[in-house]
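Participant: dropping the sequence and predicted coords here.
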Amino acid sequence: MGCEEKEIRATVGKKAPDFEADAFFQGGFKKFKLSDFKGKWLVLCFYPGDFTFV
Amino acid sequence: MDAEVLACSVDSKFSHKIWQEQELSKMVEGGVPFPMLSDPGGRIGRMYGIHDEAGGVNIRGRFLIDPDGVVQAMEVLSPPVGRNFSELIRQLQAFQHVRKTGEPTPAGWQPGKKTLKPGPDLVGRVWEVWKVGE
């Protein structure tokens, strides 16, 4: 903790916190920002880890 | 359904690549069609309140975000139980319906089912116009 994002928390009815992240997509590496998806419905799913079972 | 999906874990993009190639592509033809985001250290997970500091992982949080970038729904599960996508799809359909029509959807609503028209006339009379399971 102690980073500037500490205050920002996703809450219903509030703007989703924006971020930029490295990604694997369509066979290559790419950067995505949440704000790239403005104008679209978006489902953001977190999961514990690759190669897990559930 | 007209929605984009992003998956996110603390794993590196390299790990995502190998997982997609070695395993996911054998479960889903062509592999999963959405971006797999890398969140080393859980920076993003912390912003969404679903980072488990002790385990060093992001737990199963799911956020439904509308075209204005506003969070409309969220669900968080602890690691051993997987999600049920039919409820996600139902919620997405309901939120899309509300956004289009302004009509609120009652419990258990499915596309094509009755919506409510809130106003003074409806107070105390929901029982007359809407039955449980309808």
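Facilitator: It's in.

Participant: show residues contacting stretch B:74-84.
Facilitator: A:10, A:12, A:45, A:48, A:52, A:54, B:49-50, B:57, B:59-64, B:88 (C-beta atoms under 8 Å, 6 or more residues apart in numbering or on different chains). From N, CA and C alone the C-beta is placed, and that goes for glycine too.

Participant: show me where chain A has strands.
Facilitator: For chain A, the strands defined by DSSP state E occupy A:20-25, A:28-33, A:41-46.

Participant: just these: most buried one?
Facilitator: The highest mean neighbour count among these, using mean count of other C-beta atoms under 10 Å in any protein chain shown, belongs to strand A:41-46: a mean of 22.

Participant: counting contacts, what elements does it pack onto?
Facilitator: If contacts are counted by 3 or more C-beta pairs under 8 Å, 6 or more residues apart in numbering or on different chains; DSSP states H and E, strand A:41-46 sits against strand B:3-9, strand B:60-65, helix B:85-101.

Participant: most packed of those?
Facilitator: strand B:60-65 (a mean of 22).

Participant: give me the sheet partners of it and which way each runs.
Facilitator: Using DSSP bridges, the strands paired with strand B:60-65 are strand A:41-46 (antiparallel), strand B:71-77 (antiparallel).

Participant: can you give the distance of that strand from its chain's centre?
Facilitator: 5 Å (C-alpha atoms, centre = their mean, to the nearest Å).

Participant: need the contact partners of it.
Facilitator: Contact with strand B:60-65 is made by A:10, A:16, A:34, A:37, A:41-48, A:54, B:45, B:48-50, B:71-79, B:81-83, B:88, B:91-92, B:95, as judged by C-beta under 8 Å, 6+ apart.

Participant: then stretch B:6-18?
Facilitator: Under the contact criterion C-beta under 8 Å, 6+ apart, stretch B:6-18 has outside partners A:21-24, A:29, A:32, A:34, A:37, A:42-51, B:19, B:32, B:34-42, B:44-45, B:56-58.

Participant: repeat that for 6 Å
Facilitator: Residues outside stretch B:6-18 that contact it (C-beta atoms under 6 Å, 6 or more residues apart in numbering or on different chains) are A:22, A:24, A:29, A:44-47, A:49-50, B:35-39, B:42, B:57-58.

Participant: got the end-to-end distance for that stretch?
Facilitator: Taking C-alpha to C-alpha, to the nearest Å as the measure, stretch B:6-18 stretches 18 Å from start to finish.

Participant: ok so, going back, can you put the strands paired with strand B:60-65 in TSV and add mean pLDDT and distance to B:P104?
Facilitator: Below are the strands paired with strand B:60-65 laid out as TSV (pLDDT from 0 to 100; distance: least, C-beta to C-beta, whole Å):
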stretch	mean pLDDT	distance to B:P104
strand A:41-46	97	18
strand B:71-77	96	13
